[in-house]
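Colleague: A predicted structure for the sequence below; I have some questions about it.
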Amino acid sequence: MSHKVIIPIGPYHPLQEEPEFFRLYVEGERVVDIDIVIGYNHRGIEELSEHKHFDQVAFLVERICGICSTSHPFAYVNAMEDLAKIEVPERALYIRTIIAEMERIHSHLLWLGLAGHFIGYNTVWMWAWRYREPILDCFEMICGNRNHYAMMKIGGVRRDIEEQHISFLKKTLDEIAKAVDMFKGAIMDDPVIKARLKGIGVLTKKQAIEWSVVGPTARASGVNIDVRRDDPYGAYDRVSWNVIVEKDGDIFAKTKVRILELYESISIIRQCLDKLPKGEIEAVVKEIPSGEGIGRVEAPRGECFHYVRSDGTNRPIRHKVRAPSYMNVASNKVSAVGGTISDAAITLAAVDPCYCCTERVAVIDKSTDKKIMNGWQLIELSQKKTEIIKKIFSKNK
Amino acid sequence: MKGLFSYLIFPGFLFSAFIGLIAGWLDRKITARIQWRKGPPWYQNFLDILKLLGKETIIPEGTSALTFIFSPFFGFLSAVLATTILGRSIIFPREGFLGDLIVVLYLLMIPVISIIIGASASHNPLASLGASREMKMALGYELFFLFCVSVVIIKTNGAIQLGSIINHQMSFKSNIFSFSGFLAFLLLVLFYLPAKLGFVPFDAPEAEQEIIAGTMIEYSGLGLAIFKLTKAILLYTMPVLLIVLFLGKDLSALFLILKYLAILLTVIIIKNTNPRLRIDQVLRLFWGPVGILAFLAVILAGLGY
């Protein structure tokens, strides 16, 4: 039987919220080939960045992605500091590390929920996202935003983590650690989940190296890479932690790597909070000389790379960004072929393709059709909530 | 006239659809509460059906329009008929006809067949995938379902009339209070009901994240509303059939409702604590362990346990 049928996943499909197009060639239920078409989300960020001055670019690259919205600015400021040879104060390095690891926690929890959704387990979806909420509250407490934290700045960070924040942060981490324990038990020991994920979408070590995958996708296939250890930045060389590596390369291994990384992130944040040195949070940066610099960051999805070239003016003349999903999505070509359509759905999602979403909200009164809230009022509402959270932790201290 | 009343109003269409939609709301509400959400108000499912009735019915190009339009009705009418026969045999256990159990079993298969026909007619690769999955699913669960029903027939000395099954249980004891009866009942609640009703973990034919609602993908407006109503009616009929077959000792309204709620709750909890199984895994499960256990139940029933 060689009756090939094309099953489209995308450009708009309930599986993935961002526009990506996978053309599955199937025989019966078996996927025999796959075409990957990306590029629906192109916004010309690199070109845009060449028309902004160096300080603005940090905000711009933050908007590449809503989920890893600190990895891109982090990589960018690393590149700039490499270019201008800036010494960053110790305290700023620790704060950057804390923010980056908090982002990893929220991103991995988000993926865990989506993975549950993709295999039809909506309870995991809702629960994972519920336990992701406290970490977003912490972000709001520290920098006033749930996403797009705007913490990174060439030469340091924009906001300090104050003494009274720390106890609240530690309490939240305890809560999350408990939730992760629960997920670990519920997911790793569930026979049905094992039946769905074990031995599915396998990416062998050889294939992983050939397709140059990065991050948890590579580590689940036994490739022991992690920029945080291999090319330390921030305060990662000042705390002790482990790189989680699994051998199987299937989706279960990818899930396991991400869940175990949550523990490592929690431990890194705790150590950073304990060791947090006193002092300045930013270095004074007067001028950016001409030259080039690279910055690498281990984003939740893998290595995020930024290259900046400057000619001595206040704008970059070349800014190159390589996000981890660019490498990881292509590997679906080998990992999704050979399985069934059901397996393909979760395999495509298992590399955690990164998507961004920006949406404006208007609240409308149902009975009168009158707008009762617009964008500005929502911002005010959000500021009020921030005030409330501030009050809560000021009581707790 | 009396027949028409039972068919259209009580215990047929209106009554069963009402209970089924309310049960569907219970499912949504409990699911929402388990998932830290709020859930819809109790009349949400009625609004959904009403809204669908007002929507345009789109017939995709290249379909066999007649088959596409009429297959939902085909399943719907037989589901209502099965419900009517079942409902009447609870109220008037002595009025049934010989072999109405067999008729009900046949009628309950037709909604599945109508879904397969409708999906195959809709000229969409995802729908035909859904149809093929639905067919495999039906092949999987009908086998052990019939085994489990045979347990009841053996237990009640060969009765194939719903009324006499109820009477037998009333004068002796419920079929569930024997080893084979309990085993069969357990298999039906844990595996048959979720599969027949299209609940997780056995919802592969409609897998939203894989094949975008599969069998239903091309249906809109009236056709979709009829399919949804059929589902709602089955949500009422299937548990009640199990109650009649296995828990027929006391069928007063209060106990009927309690038993129904218990079965419904079990199905909802199964739904919310499992991921979706792949269709090949479903077949392997139903024809392997579950089928063997069901066959064992038949042998045990024959031996008198």
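Modeller: Perfect, I can see it now.
Colleague: how about the residue of the stretch 201-305 of chain B found nearest chain A, secondary structure?
Modeller: Of all residues in the stretch 201-305 of chain B, the one sitting closest to chain A is residue B:276 (3.0 Å; C-beta to the nearest C-beta). C-beta coordinates here come from the backbone N, C-alpha and C atoms, glycine included. When classified by DSSP: H, G, I helix; E, B strand; the rest coil, residue B:276 comes out as coil.
Colleague: Contacts only, for the nearest residue to it once chain neighbours are set aside.
Modeller: Nearest residue to residue B:276, sequence neighbours excluded (C-beta to C-beta, 6 or more residues apart in numbering or on different chains): residue A:120, at 3.0 Å. By C-beta atoms under 8 Å, 6 or more residues apart in numbering or on different chains, the contact set of residue A:120 is B:200-201, B:203, B:207-209, B:275-276.
Colleague: quick one: what helix or strand has residue A:120 in it?
Modeller: For residue A:120, there is no enclosing helix or strand under DSSP states H and E.
Colleague: returning to that earlier point: how about the contacts made by the residue of the stretch 201-305 of chain B closest to chain A?
Modeller: Counting by C-beta under 8 Å, 6+ apart, residue B:276 has contacts A:119-121, A:196, A:342, B:200-204, B:207.
Colleague: could I get the contacts of residue A:120 as JSON lines with pLDDT and secondary structure?
Modeller: Output for those, formatted as JSON lines (pLDDT from 0 to 100; DSSP: H, G, I helix; E, B strand; the rest coil):
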{"residue": "B:200", "pLDDT": "82", "secondary structure": "coil"}
{"residue": "B:201", "pLDDT": "85", "secondary structure": "coil"}
{"residue": "B:203", "pLDDT": "84", "secondary structure": "coil"}
{"residue": "B:207", "pLDDT": "75", "secondary structure": "coil"}
{"residue": "B:208", "pLDDT": "73", "secondary structure": "helix"}
{"residue": "B:209", "pLDDT": "72", "secondary structure": "helix"}
{"residue": "B:275", "pLDDT": "86", "secondary structure": "coil"}
{"residue": "B:276", "pLDDT": "86", "secondary structure": "coil"}
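Colleague: returning to that earlier point: per-residue pLDDT, the residue nearest to residue B:276?
Modeller: pLDDT for residue A:120: 82.
Colleague: Out of the contacts of residue A:120, which is nearest to residue B:132?
Modeller: When these are compared for distance to residue B:132 (C-beta to C-beta), residue B:207 wins out at 12.7 Å.
Colleague: so who does the closest one touch?
Modeller: Going by C-beta under 8 Å, 6+ apart, the list of residues near residue B:207 reads A:120, A:342, A:345, B:214, B:276.
Colleague: what helix or strand does the second one sit in?
Modeller: What that stands for is residue A:342. Going by DSSP H and E, residue A:342 is in helix A:341-350.
Colleague: remind me, longest helix of chain A?
Modeller: Longest helix in chain A by number of residues (criterion: DSSP state H): helix A:90-118.
Colleague: Give me the distance from it to the chain's centre.
Modeller: Taking the mean C-alpha point of helix A:90-118 and that of its whole chain, the gap between them comes to 6 Å (C-alpha atoms, centre = their mean, to the nearest Å).
Colleague: List only buried entries from the contacts of residue B:276.
Modeller: A:119-121, A:196, A:342, B:200-204, B:207 (16 or more other C-beta atoms under 10 Å in any protein chain shown).
Colleague: helix/strand/coil for residue A:304?
Modeller: Strictly by three-state DSSP, residue A:304 counts as strand.
Colleague: Let me know whether residue B:224 touches residue B:218 as I believe.
Modeller: No - judged on C-beta atoms under 8 Å, residue B:224 makes no contact with residue B:218 at a distance of 9.4 Å.
Colleague: circling back: name the next helix or strand downstream of the longest helix of chain A, please.
Modeller: helix A:122-143.
Colleague: That next one and chain B, any residue contact?
Modeller: Yes - Helix A:122-143 lies within reach of chain B by C-beta under 8 Å from any C-beta of the partner chain, at A:122-127, A:130.
Colleague: Just give me the closest of those residues to chain B.
Modeller: Distances from chain B to the residues of helix A:122-143 next to chain B, taken by C-beta to the nearest C-beta, are shortest for residue A:126, at 3.5 Å.
Colleague: contacting residues for that closest one?
Modeller: A:113, B:35-37.
Colleague: again, only using 7 Å
Modeller: B:35-37 (C-beta atoms under 7 Å, 6 or more residues apart in numbering or on different chains).
Colleague: Dump the residues you listed into TSV; add neighbour count and distance to chain A as well.
Modeller: Shown next, in TSV, are these (neighbours: other C-beta atoms under 10 Å in any protein chain shown; distance: C-beta to the nearest C-beta, whole Å):
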residue	neighbour count	distance to chain A
B:35	17	3
B:36	13	5
B:37	14	7
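Colleague: In helices only, show me those.
Modeller: Among the contacts of residue A:126, no member lies in helices (by DSSP H).
Colleague: just curious, which of the residues you listed is nearest to residue A:208?
Modeller: Using C-beta to C-beta, the contacts of residue A:126 come closest to residue A:208 at residue B:35, 34.7 Å.
Colleague: tell me the helices in the stretch 101-250 of chain B, going along the chain?
Modeller: B:125-155, B:162-171, B:179-187, B:193-197, B:208-211, B:221-246 (DSSP state H, counting those that start in this stretch).
Colleague: Let me see the mean pLDDT of the last one.
Modeller: Confidence for helix B:221-246, expressed as mean pLDDT, is 90.
Colleague: picking up where we left off before, just flag the most distant two among the residues of helix A:122-143 next to chain B.
Modeller: Once C-beta to C-beta is applied, these give A:122 and A:130 as the farthest pair, at 12.4 Å.
Colleague: residues touching the spatially closest residue to residue A:30 that is not a sequence neighbour, list them.
Modeller: Spatially, and ignoring its direct neighbours in sequence, residue A:30 is nearest to residue A:340 (6.0 Å; C-beta to C-beta, 6+ apart). Residue A:340 sits next to A:29-31, B:278 when contact means C-beta under 7 Å, 6+ apart.
Colleague: 8 Å - rerun?
Modeller: A:29-31, B:278-280.
Colleague: about what we covered before: of the contacts of residue A:120, closest to residue A:82?
Modeller: Closest to residue A:82, out of all of the contacts of residue A:120 and judged by C-beta to C-beta, is residue B:209, at 42.1 Å.
Colleague: For chain B, what's its nearest residue on chain A.
Modeller: residue A:120 (3.0 Å).
Colleague: what residues does the stretch 151-300 of chain A put near chain B?
Modeller: A:190, A:192-193, A:195-196.
Colleague: any idea which of those residues has the most stuff around it?
Modeller: residue A:196 (25 neighbours; other C-beta atoms under 10 Å in any protein chain shown).
Colleague: Surely it touches residue B:282?
Modeller: No - in this structure residue A:196 lies outside contact range of residue B:282 using C-beta under 8 Å: 11.7 Å.
Colleague: Need the overlap of contacts for those two.
Modeller: In contact with both residue A:196 and residue B:282: no residue, using C-beta under 8 Å, 6+ apart.
Colleague: now the residues of helix A:122-143 next to chain B: which count as buried?
Modeller: A:122-127.
Colleague: How about residue 141, nearest residue that isn't a chain neighbour?
Modeller: Here I'm looking at chain A. Counting by C-beta to C-beta, 6+ apart, the residue nearest residue A:141 is residue A:389, at 5.2 Å.
Colleague: Please refer instead to chain B.
Modeller: residue B:195 (4.4 Å).
Colleague: Surely the one you found touches residue B:202?
Modeller: Yes - counting by C-beta under 8 Å, residue B:202 is a contact partner of residue B:195 at 3.9 Å.
Colleague: Spit out the residues that contact the two alike.
Modeller: B:137, B:141, B:282.
Colleague: Turn the helices of the stretch 101-250 of chain B into JSON lines, columns for distance to residue A:40.
Modeller: Listed next are the helices of the stretch 101-250 of chain B as JSON lines, based on distance: least, C-beta to C-beta, whole Å:
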{"stretch": "helix B:125-155", "distance to residue A:40": "21"}
{"stretch": "helix B:162-171", "distance to residue A:40": "57"}
{"stretch": "helix B:179-187", "distance to residue A:40": "47"}
{"stretch": "helix B:193-197", "distance to residue A:40": "37"}
{"stretch": "helix B:208-211", "distance to residue A:40": "19"}
{"stretch": "helix B:221-246", "distance to residue A:40": "29"}
